[in-house]
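Enquirer: prediction below, plus the sequence it came from.
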Amino acid sequence: MSRLAIPKTYKLYIGGKFPRSESGRTYEVVSSKGAFLANAAKASRKDARDAVVAARAAVAGWSGATGYNRGQVLYRIAELLEGRRAQFVEEISATEGVTAAVASAQVDAAIDLWVWYAGWADKYVQVAGNGNPVSGPYFNLSTPEPTGVVAIIAPQTGASLLGLASVVAPAVIVVANESAPLSAISLSEVLATSDVPGGVINILTGSPAEIAPWLASHADVNGLDLAGAEQLEWIDLQIAAADTLKRVLTPVSGIPGASLDRITAFTETKTVWHTKSLI
Amino acid sequence: MTIEQPVALAPAERAIQILGGDITERGLRLHLEGLSGVDAVGLEQRAADLGSRSIKTTSKAWALDRIIELIDLTTLEGADTPGKVRSLVAKAMNPDPADPTTPRVAAVCVYGDKVPDAVAALGAAHGDPDKGLISVAAVATAFPSGRASLRVKLADTADAVQSGADEIDMVIDRGAFLSGRYGQVFDEIVAVKEACRRDDGTYAHLKVILETGELTTYDNVRRASWLSILAGGDFIKTSTGKVAPAATLPVTLLMLEVVRDWHRLTGEKIGVKPAGGIRASKDAIKYLVTVVETVGEEWLVPHLFRFGASSLLNDVLLQRQKLSTGHYSGPDYVTLD
Amino acid sequence: MSFLEYAAAPESTAILNLRPSYGLFINGEFVDGNGKPFTTISPATEKGIAEIANADSHDVDLAVAAARRAYDRTWSRISGADRGKYLFRIARLVQERARELAVAESLDNGKPIKESRDVDIPLVAAWFFYYAGWADKLDYAGMGASPRSLGVAAQVIPWNFPLLMLAWKIAPALAAGNTVVLKPAETTPLTALLFAEILQQAELPAGVVNIITGAGDTGQALVNHPDVNKVAFTGSTEVGRAIARSVAGTGKKVTLELGGKAANIVFDDAPIDQAIEGVVNGIFFNQGHVCCAGSRLLVQENIHEEVVERLKQRLSTLRMGDPLDKNTDIGAINSKAQLDRIRELTDIGEAEGGDRWTADCVIPENGFWFAPTIFDNMSPSSRLARDEVFGPVLSVLTFRTPAEAIAKANNTPFGLSAGIWSDKGSKVLAVADQLKAGVIWANTFNRFDPASPFGGYKESGYGREGGRHGLAAYLQSATDSGQAVATTRVAIKKEASK
């Protein structure tokens, strides 16, 4: 008789922990061939609310960490992802029905992108900020600062976008691809074993159409990345976000590539003037 | 570990009032260093704003006359002779021979040994400028450098007072100040004030020259101003006129702010005298604006504000002539002093 | 009369050469508007200045079409260097006509001539000079090689710095290669129309800049026009929200510069006299009609009384009166509507228990005036200390520690600017780090420069104007991957969601 497998429970990842949905709801994740794979947690608006609270609580610590420190943490995550390549490839093949080769290419690209973003943590300020030569006896410096908490509707695997958020801002991520959440959840296991503080990244699985509006209208969310929201009523989300003047990025097709713009989109430029005088 | 014994300073009434009974070097230093700092950029901006006031027509006419009434007409050259002093005094009494409505200056300012010449030349016009007469101010204390022993500086002062000087313009010891010996600077001012005492018990009026161009920083000017007032000065004065920069609008503004704060604290009014480098009426008017908007109009009187100047007077006369004739005037229409 | 009352020093209006009526500036010419014309008045005297055309939606179509044609045929084809040359010409013409523009600005807006002459107009010229130089250097703007312009920009500006806000909008837009349709504020169209004459003198190609006067409807029609690629708005947070909603799904890039309730933080180790000046300048400059006004004084509790006393003494020499008198410090409130709003909020402040003190100013009979006012002992929960008044009203609150100062300063949905007053460098830098404000002035206030980016956090808007960052609003990187999906969904969805 072959060995009985131990099926995994797929839960949410909020504040560094793995809670089930407070609603108790789950939904079935099936393989591309229709076979049962797992019951994934189905996040409710209260889970989203809790995730925002966790993200906000993580803001001070994460923005207070040096760029060097954050870069190291992110790079370590890439190391862990590399170690778990096989698991990701298997999950993606199963849920998306693609070949191992295709899945491998996706995973490799995502990990490499993660490394790319890790390297930005202590550099984007230099590229996006600068001193300003004002005409007067003033020291004047413009620096990009994290905008606060960002809600992300992540495309497909989600892995590609998570790195950018953590370069600058704690995030609440909703996996757009309802039917293929597994790798995102596995990613959260990687995060939990890495050095990233709880709350910096939070991952919600479930129905994006249900959860996203609550995030879009949430007054304590400062930015909204609709990258993977193409199939949702995303214009309504953008309208809801307008009430609190969130910074919004509109949807893109496919997986966004390496882009410094996506980092700086969720920064605010702060310009400081200071008088200068010898006497 | 031993704690240094505090060095006691000479008793001065104002300092006792503010610092308490036993004034010491250390206490004085802590007090001065606890004064608010000055942001130079902000100070200079405020001075520039005040300088952008537009003073026209009746205000301008009033200002020109008042400037004359506040001038200490000055000659401080090694080459000063009795003849030169007589000429200066004549100009002081009658600035514009062609216009008898021209007011008189407040005082003439000369070296201590020229006081007798000035007094003689003034004759009946010698007296209190608040009453329309002209006083004699003498520079003393080894002006302009102040580099001599205290004994010499006090003798310099006493001689001038004895010769009839109504006002003494002393210099502080900048070397002592910049090396942090505030107590020494303080004691010297107290001693000079005492040297201004006449036999009848009255005192010559004491102006304390800070020489702001050598103090350099505004923080130093604030401290030196405050120190000079604590030690008993009647006026604080910017400069000797022998060092550049001499008077500037920002530095004068700062000194007026100290005087304003002193008034708010004690009710007492101290005078301010910017000296050196003020040549144009336009600039002098800016000083008047700065005075009225910082301490109020009641300061624009001879016993509370003076201009230490020589060539300014002629420029004011030219402006006066333009106002009264309607056309621009020229150097031939004002006299040499 | 005492010297301090200063004889009248009026700036003459003889330098102005105004027309009795102005049309809309479309495609390089002044044309009639289809809406009902209105009169622009001087808020100091309530007298009419000129008749102004009113653009209806048809006029908006014409203006946008002119901008589109100019973009396709001319402006997107000439070199950056040539765009720069036009901007340099404009800068020079502004300098040449500086006095005239300053007088017109004070007349129409109500701000003191001293301000329009010494602050507004010089900055206008400086803004055009600065961006002129960027026009052929966009590769270095930080948006990658050969960033692209966006197309037609719709720009709506407020009444508080009419010509300066126009410069902030037009200069970078043109430098980056876009064409413009700009709507000045209803109560302050005059200098924009004089600027149109300058554009004719500069021989700027027709349609590159179009200026359409009108009211709220005109602005709305312009912002919602389907053939506009970019929307730039400066004004109230309320309207900013409405604009953000209406552009959702259209693919239009938006930047918003909205309201503020800035904290001016004075520590006990501040250079006290300069801090007082900074507080006064912060809230009373331009009659408080400044989005970044330091309308909340956060003073360290141990110097609270002294600071308030010094403030009151300082305010006693502020002169309120004829904007065209060169010695006037505080001019007229821009409109009756604004005056009513200030009064409403200050009445609330009084009812909330604040200690109200008003400077002793003579109030002229005609015109809209509000004397500088301080409300002492306000608390963070008072409405007057939270809502933007946009007038010469200062709320005074206290704090005990730097952390408390920061918390109180940040406790607002706004985040435009802040002031820090302290002689201690390490404290200034640390406080600046933690303030959630897009512009922070340390030991100074209300400093503006074309090289320095200006804009807010949170509900004060997004995007920056000025500096290298100010170009980003009008460019997209050649390989922009972020905004691909959008334009196909445009008008249908928007209409359905209204």
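Expert: Happy to help now that I have it. Numbering: from 1, shown residues only, chains lettered A, B, ... in the order given.
Enquirer: dihedrals phi and psi, B:Asp130?
Expert: phi -60, psi -20 (degrees, to the nearest 10).
Enquirer: same thing with the one 4 residues further on?
Expert: Main-chain torsions, B:Ile134, degrees, to the nearest 10: phi -120, psi 130.
Enquirer: also C:Ala473?
Expert: Torsion angles, degrees, to the nearest 10, at C:Ala473: phi -70, psi -20.
Enquirer: for it, which non-adjacent residue is closest in space?
Expert: C:Thr255 (4.5 Å; C-beta to C-beta, 6 or more residues apart in numbering or on different chains). Any C-beta I mention is one placed from the backbone N, CA and C, and that applies to glycine too.
Enquirer: list the contacts for C:Thr255?
Expert: Counting by C-beta atoms under 8 Å, 6 or more residues apart in numbering or on different chains, C:Thr255 makes contact with C:Val231, C:Ala232, C:Phe233, C:Gly455, C:Gly461, C:Tyr462, C:Gly463, C:Arg464, C:Glu465, C:Ala473.
Enquirer: filter those down to just the buried residues.
Expert: Buried by 16 or more other C-beta atoms under 10 Å in any protein chain shown: C:Val231, C:Ala232, C:Phe233, C:Gly455, C:Gly461, C:Tyr462, C:Gly463, C:Arg464, C:Glu465, C:Ala473, out of these.
Enquirer: and of the residues you listed, the nearest to B:Leu227?
Expert: C:Gly455 (46.8 Å; C-beta to C-beta).
Enquirer: returning to that earlier point: show me the contacts of C:Thr255 that map onto strands.
Expert: C:Val231, C:Ala232, C:Phe233, C:Gly461, C:Tyr462 (DSSP state E).
Enquirer: if we only consider these, which is nearest to chain B?
Expert: C:Gly461 (28.4 Å; C-beta to the nearest C-beta).
Enquirer: and the closest one, bridged to which residues?
Expert: C:Glu257 (DSSP bridges).
Enquirer: just checking, it touches C:Gly240?
Expert: Yes - C:Gly461 is within contact range of C:Gly240, at 6.0 Å (criterion: C-beta atoms under 8 Å).
Enquirer: overlap in contacts of these two?
Expert: Counting by C-beta under 8 Å, 6+ apart, the contacts common to C:Gly461 and C:Gly240 are A:Leu245, C:Leu256, C:Leu258.
Enquirer: residues contacting the last one?
Expert: The contact partners of C:Leu258, taken as C-beta under 8 Å, 6+ apart, are A:245, C:234-237, C:240, C:291, C:414, C:416, C:456, C:459-461.
Enquirer: could you rerun that using 10 Å?
Expert: Shown in contact with C:Leu258 (C-beta atoms under 10 Å, 6 or more residues apart in numbering or on different chains): A:245, C:158, C:233-241, C:243-244, C:291, C:388, C:414-416, C:455-456, C:458-462.
Enquirer: C-terminal to the helix or strand hosting B:Ala63, what's the next element?
Expert: When elements are assigned from DSSP states H and E, B:Ala63 belongs to helix B:57-69. Using DSSP H and E, the next helix or strand after helix B:57-69 towards the C-terminus is strand B:71-74.
Enquirer: strands paired with that next one, and their directions?
Expert: Strand B:71-74 pairs in its sheet with strand B:107-111 (parallel), strand B:307-309 (parallel), by DSSP bridges.
Enquirer: now stretch A:200-220: mean pLDDT?
Expert: Averaged over stretch A:200-220, pLDDT sits at 94.
Enquirer: and it, is it in reach of chain C?
Expert: Yes - contact between stretch A:200-220 and chain C, assessed by C-beta under 10 Å from any C-beta of the partner chain, occurs at A:Ala219.
Enquirer: my guess is B:Thr266 contacts B:Arg14. True?
Expert: Yes - taking C-beta atoms under 10 Å as the definition, B:Thr266 is a contact partner of B:Arg14 at 7.4 Å.
Enquirer: which neighbours do the two share?
Expert: B:Ile229.
Enquirer: so who does the residue nearest to C:Gly177 when sequence neighbours are not counted touch?
Expert: Nearest residue to C:Gly177, sequence neighbours excluded (C-beta to C-beta, 6+ apart): C:Ser149, at 3.3 Å. Residues in contact with C:Ser149, defined by C-beta under 10 Å, 6+ apart, are C:71, C:75-76, C:83, C:138, C:173-179, C:229-230, C:474-476.
Enquirer: roughly how far does C:Ser149 sit from chain B?
Expert: In this structure, C:Ser149 and chain B are 38 Å apart, going by C-beta to the nearest C-beta, to the nearest Å.
Enquirer: bridged to that residue, which residues?
Expert: C:Leu475.
Enquirer: what's the distance between C:Gly249 and chain A?
Expert: 3 Å.
Enquirer: all helices for the chain, in order.
Expert: Picking chain A for this. Assigned by DSSP state H, chain A shows helices spanning A:45-64, A:67-83, A:85-96, A:100-120, A:124-128, A:159-168, A:182-193, A:208-217, A:234-242, A:260-264.
Enquirer: actually it's chain B I care about, not the one you picked
Expert: So, for chain B - with DSSP H - the helices run B:13-19, B:25-33, B:40-51, B:57-69, B:82-93, B:115-122, B:150-162, B:174-178, B:182-195, B:212-215, B:218-230, B:249-266, B:281-294, B:312-325.
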